[in-house]
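> everything below, folded, please.
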Amino acid sequence: MKLIAALLAVGGLASAQPDIVQQDTKSLIARVRENPEDLAAIGVLAKRSDDSQVIPTLRDAFTSNKISGARVNADPLDFPLSQLLAAYLFEKGVKDDIYFEEMAKYAKDAIKANPPEMFVTHIDSGGKGSAKVNPEFEAWCGDRSLQLNKCRRLVLFYGNSLNMIRGLEDPRAIPILRNALKMSASAMVGVAVAGLGLLNDVESLPLIAQTCSRFPPVRAQSIAIDAIDYKDARVDGLFSRFIQDRDVLEKVRKEWQSKLSGPPTPDKE
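All right, here's what the predicted structure looks like:
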């Protein structure tokens, strides 16, 4: 599911204190029980399965941090520690509603906030394109009295929150992902499409087509490509309609078919 990668990759949190990796599990449990905000110890403990108290310890740390509202600040990302603990528990197979709802809450916040595209492509007189900050995005930040840098951090958090819901591959996420198709930023819509594809939610294909139709061709093509994890042949209609580059279309179709067939089976001697 790779729920944690997007969070821990930012700021190098996973390797902040490499000496902790050498500690035995019981020591890590004691350390987290003493300090439920010990991010490094939590990260290492979450990879252990040699003690029956690992999951109860993570559960207790989640509850403690949910109450305290503790956050992790790892420039350029800032996020609740309870969100991270919910993801850790989910990856360990603890899929209680309370942990799903913890992650769903922030994805729903992202959808409600609905930030515009952060960048737009500017074509100069020579025909060369370059990315410029979208004036609508600047106005959106200004309406919230946020400086551009802090605003970008908030939108990055929103994107990661949606990505975590995508990575759950849990049917409870379908209504959230469908709602995210209404968002303004194509990157966030693409995350929703990818999540629906992983769940093979074929009922969402007409909604995805409607969504692609409201974006410029280049962005619509990118969104359609994000549906590559669908396991239903009807997704090819989406590819044909919105992937206008014939070479890209052929490449996507081949990759999609390879995903369906899976890795080759080794010959038996």
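
> where's Ala131, which helix or strand?
Secondary structure assignment for Ala131, by DSSP states H and E: strand 129-133.

> buried stuff in the next helix or strand after that strand?
Counting by DSSP H and E, the next helix or strand C-terminal to strand 129-133 is helix 135-143. Across helix 135-143, burial judged by 16 or more other C-beta atoms under 10 Å covers Phe137, Trp140, Cys141. C-beta here means a position set from N, CA and C on the backbone, and glycine is covered the same way.

> next one: stretch 203-210
Ser204, Leu205, Leu207, Ile208, Ala209.

> tilt between the strand holding Ala131 and helix 135-143?
Relative orientation of strand 129-133 versus helix 135-143 (axes from the mean of the first three to the mean of the last three C-alpha atoms, to 10 degrees): 10 degrees.

> paired strands for strand 129-133, with orientation please.
Strand 129-133 has the following strand partners under DSSP bridges: strand 119-123 (antiparallel).

> all strands of the stretch 1-150 of the chain, in order?
71-74, 77-80, 119-123, 129-133 (DSSP state E, counting those that start in this stretch).

> using TSV, lay out these together with distance to Asn35, mean neighbour count and mean pLDDT.
Shown next, in TSV, are these (distance: least, C-beta to C-beta, whole Å; neighbours: other C-beta atoms under 10 Å; pLDDT from 0 to 100):
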stretch	distance to Asn35	mean neighbour count	mean pLDDT
strand 71-74	14	15	85
strand 77-80	17	19	87
strand 119-123	40	12	76
strand 129-133	40	11	80
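
> do you know which of the ones you listed lies nearest Val94?
Closest to Val94 of these, according to C-beta to C-beta: strand 77-80, at 17.8 Å.

> quick one: closest of the strands of the stretch 1-150 of the chain to Asn65.
That would be strand 77-80 among those, by C-beta to C-beta, at 7.3 Å.
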